[in-house]
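Peer 1: how would this look folded up:
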Amino acid sequence: MIEEVKQHGGVREGAGRPKGTGNRITAKDLLDQCAAIVGKPFAVSLMEGYRDSILGGDVKTRVTYEKIIVDKVATTMMDIEVEDNSTVVDGKRTAFLEAVNSIININKSKDNEDASD
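Peer 2: So this is what the prediction gives:
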């Protein structure tokens, strides 16, 4: 008897994570381990590195630190704005509904044109 060779996908024996393996590393776990090894929270280590780059006149490293810090601050501020400002959320909801309605109306108009042809 000839066995068929599957061309696409399917279950493969031994594939995937072994049963009983622990969870993957999370960002929190990584930061906690960093704090345990270094002896201080990651944010403190980060800011000390930033300070040292400024005092040492290392512009390239300073710019790298500033990008990291600005990215984090900007992300946090955006999260707060969306969570704290229900007016923005309501405005986006309204705009989305209006867009959906206009698409529906365009499709209805097109269907009516097709029916009259």
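
Peer 1: Least confident secondary structure element in the chain?
Peer 2: Within the chain, confidence by mean pLDDT, DSSP states H and E is lowest for helix 86-116 among all helices and strands, at a mean of 75.

Peer 1: Spatially central residue in the protein, please.
Peer 2: residue 75 (10.1 Å; C-alpha atoms, centre = their mean).

Peer 1: separation between it and residue 69?
Peer 2: Remark: distance between residue 75 and residue 69 (C-beta to C-beta, to the nearest Å) = 11 Å. Every C-beta, even on glycine, is put in place using the N, C-alpha and C of the backbone.

Peer 1: Over to residue 99?
Peer 2: Going from residue 99 to residue 69 by C-beta to C-beta gives 36 Å.

Peer 1: more crowded one of these two?
Peer 2: residue 69 (14 against 10; other C-beta atoms under 10 Å).

Peer 1: May I have the phi/psi pair for the more buried one?
Peer 2: Per-residue torsions, residue 69: phi -70, psi -50 (degrees, to the nearest 10).

Peer 1: so who does it touch?
Peer 2: 46, 50 (C-beta atoms under 8 Å, 6 or more residues apart in numbering).

Peer 1: Just the local confidence number for it, please.
Peer 2: pLDDT recorded at residue 69 is 87.

Peer 1: element containing the nearest residue to residue 66 once chain neighbours are set aside?
Peer 2: Taking C-beta to C-beta, 6 or more residues apart in numbering, and ignoring the residues beside it in sequence, residue 66 has residue 50 as its nearest neighbour in space, at 7.6 Å. Residue 50 belongs to helix 42-55 when elements are defined using DSSP states H and E.

Peer 1: returning to what we had before: so the residue nearest to residue 66 sits right up against residue 63, yeah?
Peer 2: No. Between residue 50 and residue 63 there is no contact under C-beta atoms under 8 Å: 10.6 Å.
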